[in-house]
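Novice: This is a predicted model, with the sequence first.
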Amino acid sequence: MNSQRKQSSNIGLRRRQTTARAMPTTRKGTNSTHGRPAELMVQSHLTHLPVISRLEGLKGTELVRLDFDAADSKASTPESEETQHVERQATDSDNGSSPTLLVNPNLEVLPVVKTEQAIGAFDFYVNSYATSIIEVSSQNVGSYSHVIHQILHDELLFTAFTTTSEAARWRCQSLYDDAPLSVAKGYGKTISLLSQRLRSERFAMSPTILLTMGQLVAIEILIKNVSATARHLAGMQAAMKPKNNVEPPEGSSRVLSATDIWSQYFKHRAMIKSTISRTDPLTYPKHPFNPKLSMQIADLPAGFSDLALSGRISTQILQLLEHFNTYSIKLSHLNEEGTFDSPERTQIILRQVAYCIEFHQIQHLSTIERLILTALTAYVMRRDRVHPALVNGRNYFQITCAYQANLLSSAENGVDQQDQGSDLLAWVGLMLLLTSTAEAHARKLALKLLPRRPEPLKILKKCQQFFWDDDLTNALLSGNVLATNASNDIIADNIKQALPESDD
């Protein structure tokens, strides 16, 4: 319990007693019913959010308050109006407690119309989109809490973040359709507000500008406006360079590094995009295979070779698998040499991520092919230990998982009978769990694919037929990634018991 408390304090969260300061019973814009504010309540189910995993596992209702009292906050809103709180409720079930967050922003002081769309976007941001950011930046959540404070009190930031959230929520439902009018309006308003802010010399170099431009990049990635993305990345890089002896905003070096990574990433995507067609029908090889294709298939991991020989993988996806195999071998050699931060390693990872996401844009992929792409994305994201700049890539990965889970929920897009319980689905499911322990959409998809009571050694052997490494085996044996799901937490313990004891 003490270690859990230390973890809570490390990420900028602190428990508060339910005092009048945390939960005022009377103030302007509230009523006294149950001593709760009258603001519209947004409910978010965050069972697997990293913040929740670091809170004490107490049952009943406890109050936890985000540390919004950042010393460098420039907002001067009276405390009675700016109080935000997160209430954690835990309900007992057969599988243990199921924590829920209730996020209660005081909408009377927020620059937003109380529409269902705005609240839904805010809810999605807290519930899904921010998950990866918190996961990557958990060591610096104190400043992240300050960002949340600024979002809630700055019209420009609030518009940018809620538009990003709305775009992400929409993209979970469709990878191909054009953005809805609500996203287009939010994007246009963000551009307009940013232009107004930039005309003021006072704000020209502020962190708010950089945060907003970062959100514009995220929106443009989601709506596939590549030219605007490149333009805003260049704008962010220019804004962070010292001008007229004026120092750039705090933290700009990290942002500059991130924008450089993203610029390289888009260069890779541009090159890859020119080699594939998103709309042409896919071609599937038929027996007898030509010698070149046979050699290509033979070089793949055994699980993919068997699937390719059945004629169920298109030549386009075989092209991706061949590329992935080549660069995975190169990456393994670099890791063995201990070169974890070399430019060559960075370029390999960026190229692999770009390949995965660009191939995901192909419209005629089968369910199995899309699942392969999702697992490959998880695989390469997990190997990127150097550049958290790809956090937006992780968010896109979350959205892809949500989209795939939605597809599997419908009968016409579900997994074929012949694939249920297959080695491939076991690999995809475990890749998602081992890569994204805190990301709800990834776990949701994984648990659709894994059997409820898998035989541990069998499932490990199945996964080793595909892209796999010792780090994944060690992560599986640790048990941490599976412990949050009652139907799968037996895997790690059973594997440990079934494996022969080591000599040491």
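Specialist: Received it, and whenever you're ready, just let me know what you need. Since this is a predicted model, take the numbers as computed values, not measurements.

Novice: From the recorded domain assignment, give the ranges for the protein.
Specialist: Here the domain parsing of the chain from automatic domain parsing is 2-250, 260-498.

Novice: Give me the neighbour count for the residue nearest to Lys286 when sequence neighbours are not counted.
Specialist: What sits nearest to Lys286 in space, not counting adjacent residues and going by C-beta to C-beta, 6 or more residues apart in numbering, is Gly311, at 6.1 Å. C-beta coordinates here come from the backbone N, C-alpha and C atoms, glycine included. Residues contacting Gly311 under the criterion other C-beta atoms under 10 Å number 12.

Novice: OK, contacts around Gly311?
Specialist: Contact analysis of Gly311 by C-beta atoms under 8 Å, 6 or more residues apart in numbering lists 284-287.

Novice: Output the residues you listed in a markdown table; the columns should cover neighbour count and pLDDT.
Specialist: Formatted as a markdown table, the contacts of Gly311 follow (neighbours: other C-beta atoms under 10 Å; pLDDT from 0 to 100):
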| residue | neighbour count | pLDDT |
| --- | --- | --- |
| Tyr284 | 16 | 89 |
| Pro285 | 19 | 86 |
| Lys286 | 7 | 85 |
| His287 | 7 | 82 |
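
Novice: any chance of these in TSV, plus distance to Gln465?
Specialist: Shown next, in TSV, are the contacts of Gly311 (distance: C-beta to C-beta, whole Å):
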residue	distance to Gln465
Tyr284	21
Pro285	20
Lys286	24
His287	22
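
Novice: Going by distance to Asn335, which of the residues you listed wins?
Specialist: Pro285 (32.8 Å; C-beta to C-beta).

Novice: ok, so what distance separates the closest one from Ile209?
Specialist: 52 Å (C-beta to C-beta, to the nearest Å).

Novice: Alpha carbons of stretch 422-433, as PDB, please.
Specialist: Only the C-alpha atoms of stretch 422-433 are listed here, as PDB (Å, rounded to 0.1, in the frame of the first residue of the first chain):
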ATOM      1  CA  SER A 422      -6.000 -19.500 -34.400                       C
ATOM      2  CA  ASP A 423      -2.300 -18.900 -33.700                       C
ATOM      3  CA  LEU A 424      -2.500 -15.600 -35.500                       C
ATOM      4  CA  LEU A 425      -5.200 -14.200 -33.300                       C
ATOM      5  CA  ALA A 426      -3.400 -15.400 -30.200                       C
ATOM      6  CA  TRP A 427      -0.300 -13.400 -31.400                       C
ATOM      7  CA  VAL A 428      -2.300 -10.300 -32.200                       C
ATOM      8  CA  GLY A 429      -4.100 -10.400 -28.800                       C
ATOM      9  CA  LEU A 430      -1.000 -10.800 -26.800                       C
ATOM     10  CA  MET A 431       0.900  -8.100 -28.800                       C
ATOM     11  CA  LEU A 432      -1.800  -5.600 -27.900                       C
ATOM     12  CA  LEU A 433      -1.800  -6.600 -24.200                       C
END
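
Novice: coming back round to it: got a pLDDT number for the residue nearest to Lys286?
Specialist: Note for Gly311: predicted pLDDT of 85.

Novice: Over to Tyr187?
Specialist: On the pLDDT scale, Tyr187 is placed at 90.

Novice: okay, now it: neighbour count?
Specialist: 25.

Novice: now what about the host helix or strand of it, what contacts it?
Specialist: Assigned by DSSP states H and E, Tyr187 belongs to helix 181-198. Helix 181-198 is contacted from outside by 117, 155-156, 159-160, 162-163, 166-167, 170, 179, 203-204, 208-209, 212-213, 215-216, 219, 223, using C-beta under 8 Å, 6+ apart.

Novice: please redo it, this time with the cut-off set to 7 Å
Specialist: 117, 155-156, 159-160, 162-163, 166-167, 170, 203-204, 209, 212, 216, 219, 223 (C-beta atoms under 7 Å, 6 or more residues apart in numbering).

Novice: swap in stretch 275-294?
Specialist: 311, 314-316, 358-359, 361-364.

Novice: re the thing from before, out of the domains of the chain, which gets the lowest mean score?
Specialist: domain 2-250 (a mean of 52).

Novice: Buried residues in stretch 359-375, which are they?
Specialist: Neighbour counts over stretch 359-375 (16 or more other C-beta atoms under 10 Å) mark 359-360, 362, 365-375 as buried.

Novice: what's the most distant pair in the residues you listed?
Specialist: Ile362 and Ala375 (16.2 Å).

Novice: you'd agree Leu365 is in a strand?
Specialist: No. Under DSSP: H, G, I helix; E, B strand; the rest coil, Leu365 falls outside any strand and is assigned coil.

Novice: Counting neighbours, what do you get for the residue lying closest to Ser314 once chain neighbours are set aside?
Specialist: Nearest in space to Ser314, with sequence neighbours left out and distances taken as C-beta to C-beta, 6+ apart, is Leu282 at 3.9 Å. Leu282 has 16 neighbouring residues, counting by other C-beta under 10 Å.

Novice: Next, Leu282: secondary structure please.
Specialist: Applying three-state DSSP: Leu282 is coil.

Novice: Use 799 as the first number for this chain going forward.
Specialist: Yes, from this point I'll number from 799; that puts the last item at Leu1080.

Novice: mind checking how far Tyr1153 is from Thr1271?
Specialist: Relative to Thr1271, and taking C-beta to C-beta, Tyr1153 is found at 25 Å.

Novice: who's more crowded, the two?
Specialist: Tyr1153 (24 against 15).

Novice: which other helices and strands contact the helix or strand hosting the more buried one?
Specialist: Using DSSP H and E, the element containing Tyr1153 is helix 1141-1157. With contacts taken as 3 or more C-beta pairs under 7 Å, 6 or more residues apart in numbering; DSSP states H and E, helix 1141-1157 sits against helix 1050-1071, helix 1113-1134, helix 1165-1181.

Novice: So which of the ones you listed is the most surrounded?
Specialist: Across these, the average number of neighbours (mean count of other C-beta atoms under 10 Å) peaks for helix 1165-1181, which reaches a mean of 23.

Novice: by contact count, what packs against that one?
Specialist: By 3+ C-beta pairs under 7 Å, 6+ apart, helix 1165-1181 packs against helix 1113-1134, helix 1141-1157, helix 1189-1207, helix 1221-1233.

Novice: Save those helices as TSV, and put in distance to Thr1073 too.
Specialist: Formatted as TSV, the helices and strands packed on helix 1165-1181 follow (distance: least, C-beta to C-beta, whole Å):
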stretch	distance to Thr1073
helix 1113-1134	8
helix 1141-1157	9
helix 1189-1207	20
helix 1221-1233	25
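
Novice: among the ones you listed, which is nearest Leu1245?
Specialist: Once the helices and strands packed on helix 1165-1181 are compared by C-beta to C-beta, helix 1221-1233 is nearest, at 7.4 Å.

Novice: Now do the closest one: everything it contacts.
Specialist: Outside helix 1221-1233, the residues touching it (C-beta under 7 Å, 6+ apart) are 1101, 1105, 1166, 1169, 1172-1173, 1176-1177, 1179-1180, 1199, 1213, 1217, 1240-1241, 1243-1244, 1247-1248, 1257, 1260-1261, 1263-1264, 1270, 1273-1274, 1279-1280.

Novice: Report the angle between it and helix 1165-1181.
Specialist: 30 degrees (axes from the mean of the first three to the mean of the last three C-alpha atoms, to 10 degrees).

Novice: before we move on, back to that, got the CA positions of the helix holding Tyr985 in CSV?
Specialist: The C-alpha coordinates for helix 979-996 follow below in CSV (Å, rounded to 0.1, in the frame of the first residue of the first chain):
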residue,chain,number,x,y,z
LEU,A,979,-18.9,19.4,-40.0
SER,A,980,-18.4,19.7,-36.2
VAL,A,981,-14.6,18.9,-36.7
ALA,A,982,-14.3,21.3,-39.6
LYS,A,983,-15.9,24.1,-37.6
GLY,A,984,-13.7,23.4,-34.6
TYR,A,985,-10.6,23.3,-36.8
GLY,A,986,-11.6,26.6,-38.4
LYS,A,987,-12.3,28.3,-35.1
THR,A,988,-8.9,27.1,-33.7
ILE,A,989,-7.1,28.6,-36.8
SER,A,990,-9.0,31.9,-36.3
LEU,A,991,-8.3,32.1,-32.6
LEU,A,992,-4.6,31.2,-33.1
SER,A,993,-4.3,33.9,-35.8
GLN,A,994,-5.7,36.5,-33.4
ARG,A,995,-3.4,35.4,-30.6
LEU,A,996,-0.3,35.5,-32.9
